Every structure is written in C-alpha cells, then in structure tokens.
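Visitor: I would like the atomic coordinates for the input below:
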Amino acid sequence: MKILGIGNAIVDVICKIEDNFLLENSLTKSTMKLVDEVEFKKVLSNLKIEQTIAGGSVANSIVGLSQLGNDVSFIGKVNKDDLGEKYEQSLTKENVKYFYNKKEEVIPTGTCLILITPDSERTMVTFLGIAGQISAKDINDKAVKESEMILLEGYLWDEGEPKSAFDKAMLLANKTAMSLSDQFCVERHKDSFLDLVKNKLDITFANEQEIKSLINTTNFDEVVSFGKQLGKSLIITRGELGSVAIIKDEVFECDSKKDLKILDLTGAGDLFAAGFLHGYINNYSTKESLEKGTEMSSKIIQKIGARLN
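Guide: Got it, this is the predicted structure:
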C-alpha cells in the first residue's frame with residue numbers, strides 16, 4: 001500500500017453565506033472553530049444546506065490520491081449511525097480501503113459546517129463528535145507498517161485521545177507526512193508542531209500563513225532559511241504566488257494557474273497535498289510534483305466541495 005491517511009472522519013455540510021453571518025456568529029473568516037453539538041445545531045438552524053459529503057482534511061487528500069490511481073487507505077472514527085454508514089460508503093466507492101470497524105457509540109459521527117462567503121473563502125464550524133475520540137487502539141498496526149507513508153493532520157492535536165493515535169502511528173510508520181491544518185491550529189500547538197517539523201516529520205505541508213506563524217516571522221525569506229536548515233521536505237502553498245518546495249537545501253518553485261473561475265477554496269490545500277504526494281511516491285521530480293499539486297488544487301477550487309468527482 002502506498003499511503004495510509006489518519007485523520008478526523010468528518011461529514012462536510014456546505015452552505016453559502018454572506019459576510020455578516022460570520023460577524024453575527026462571532027466567527028473568524030478562513031479558520032476552523034470547534035463547537036459542541038448544541039452550538040453546531042444552533043448555527044446550522046439558520047442556514048440552507050447546499051451539499052453534504054464525507055470530508056476531513058486527510059480523507060480529502062486520500063480520495064484525491066485514489067482518483068489518481070494510487071493504492072491508499074484511511075483510518076478515522078465514525079459512529080454506526082446514518083452519517084457514519086454514508087461516510088464509509090463514500091470512501092469505499094472511491095476505492096479507499098477503510099481500516100476502522102464501526103460500532104454503535106453514544107457520541108454521533110462528526111460534522112463540519114463549511115461556510116462559503118462571496119469571496120470564495122471558507123470558514124469552518126466543527127463538531128468533532130466521535131471523530132475526536134480516535135485513540136491508539138483504533139490504529140491498525142499492520143496497515144501502518146505496510147504503508148510506504150502515512151499522512152496525518154494537525155487537527156488531530158485538538159483533542160486528548162487522538163494524540164495517542166498520532167504518536168503510535170508515527171512510531172510504526174516508515175515515513176510520515178503532515179499538514180499543519182490552519183493558522184489557529186498552529187497557534188494552539190506551536191511548540192509541539194515545531195518539534196514535529198524539526199525532528200519527526202519527513203514531509204510538512206503548510207500554507208504561507210501557517211508556516212510564518214509557526215516560526216514567528218512575517219518575512220518569507222526567513223521561512224526559506226528555516227526550510228533549508230531542516231534538512232527535510234517543507235512544502236508551502238502561497239495562493240496566487242504559487243508554491244514552494246524546500247528539499248534539504250534546495251528550493252523549487254511553481255507558479256499558480258491564472259484566470260481560474262474560483263467558486264470555493266475548500267480542499268485546495270488537501271488536493272494540493274494529494275497531487276504532490278502522487279508525484280513523490282511515483283518518482284516524479286520535485287518540480288513535477290509541485291505542478292501536479294497545483295493542477296489538482298486548481299481543479300478543486302473551481303467547484304463546490306472538496307471532491308473532484
């Protein structure tokens with residue numbers, strides 16, 4: 001097996017909103033806010049649902065990798081409820097092996113409101129549900145050991161139990177890649193993330209805001225210097241400025257695609273990671289891997305939701 005993803009198994013509920021909705025609900029644009037079930041239902045009650053689809057950052061990347069023809073799998077915790085059944089079905093339909101045995105739980109399957117403003121930015125309100133209870137015992141040792149690489153998400157650090165799953169998977173893995181997830185997530189776990197990036201991860205995915213936040217700088221040249229000192233792989237997306245890969249002490253750049261009809265930025269980073277990792281595990285050059293990541297992210301932002309098909 002090429003890549004095993006481990007992340008929050010979340011059902012995405014996509015809604016279009018006006019900017020004032022964010023103000024009225026004390027939400028910060030382009031970030032993710034964790035809420036309980038009561039607050040989640042309160043926010044949802046004032047919205048019209050555009051689309052419901054199985055999501056989660058790593059799961060989006062894994063599905064993208066599968067659509068590119070790679071042998072991939074996923075571990076994430078859902079309840080044996082209606083949403084949980086639909087979640088598993090959506091993965092298996094995409095030829096993703098699902099290494100988790102559902103059982104009936106008191107806590108429901110996790111759900112994420114993806115709120116899309118007219119500028120196509122997305123703001124997330126997440127009720128983690130049972131996804132936030134994933135633990136070391138949910139990790140399939142054999143699946144981790146037989147994968148060339150595991151892909152993790154920074155969001156796993158937002159609850160206690162998932163960290164044990166995260167640590168166990170890293171201990172067993174052949175190689176580890178991780179997405180920093182979002183700037184607020186970085187701020188919450190800065191010291192831990194810095195240790196991971198410096199000492200434990202083989203590949204780190206981040207956007208420009210996240211990596212600047214991680215190393216406390218506003219200067220991108222300092223980011224490049226940091227990346228060179230790592231001696232690993234740091235992959236950074238920069239929006240309209242394209243993307244950069246810092247591999248040991250070499251820097252590779254790729255331009256963004258122009259004149260796109262952007263509808264929704266949900267999944268842009270997830271699909272970029274899918275494209276880059278597709279190149280990486282299939283022996284593309286670094287530049288070709290960046291180009292594949294750019295191609296995938298360019299496609300996804302021209303449609304609603306984080307799935308290409």
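
Visitor: need the pLDDT of the spatially most central residue of the chain.
Guide: Using Cα atoms, centre = their mean, the residue of the chain that lies closest to the mean C-alpha position is Ser57, 2.6 Å off. Note on Ser57: pLDDT of 91.

Visitor: likewise for Gly132?
Guide: 88.

Visitor: so it lies in a helix, does it not?
Guide: Yes. Residue state for Gly132 (DSSP: H, G, I helix; E, B strand; the rest coil) corresponds to a helix.

Visitor: that one against Asn8, yeah?
Guide: Yes. The pair Gly132 and Asn8 qualifies as a contact (Cβ atoms under 8 Å) at a distance of 7.0 Å. (Glycine included, C-beta is placed from N, CA and C.)

Visitor: tell me which of the two has more neighbours.
Guide: Each of Gly132 and Asn8 has its neighbours counted (other Cβ atoms under 10 Å); Asn8 has more, 27 against 22.

Visitor: past the strand or helix carrying Cys15, which element shows up next along the chain?
Guide: Per DSSP states H and E, Cys15 falls inside strand 10-16. With elements assigned by DSSP H and E, the helix or strand that comes after strand 10-16 is helix 19-24.

Visitor: can you tell me the strand partners of the very next helix or strand once past that following helix and which way each runs?
Guide: Using DSSP H and E, the next helix or strand after helix 19-24 towards the C-terminus is strand 32-34. According to DSSP bridges, strand 32-34 has the following sheet partners: strand 122-127 (parallel).

Visitor: between strand 10-16 and the strand it pairs with, find me the angle.
Guide: 130 degrees (axes from the mean of the first three to the mean of the last three Cα atoms, to 10 degrees).

Visitor: following element in sequence after strand 122-127, please.
Guide: helix 141-145.

Visitor: distance from the chain centre to that following helix, please.
Guide: Taking Cα atoms, centre = their mean, to the nearest Å, one finds the center of helix 141-145 at 21 Å from the center of the full chain.

Visitor: how about the helices in this protein?
Guide: Along the chain, counting by DSSP state H, helices occupy 19-24, 37-44, 57-67, 82-93, 141-145, 160-172, 183-188, 190-199, 208-214, 220-230, 268-281, 286-300.

Visitor: please name whichever of the ones you listed is nearest to Phe252.
Guide: For the helices of the chain, proximity to Phe252 was assessed by Cβ to Cβ; helix 286-300 is nearest, at 4.6 Å.
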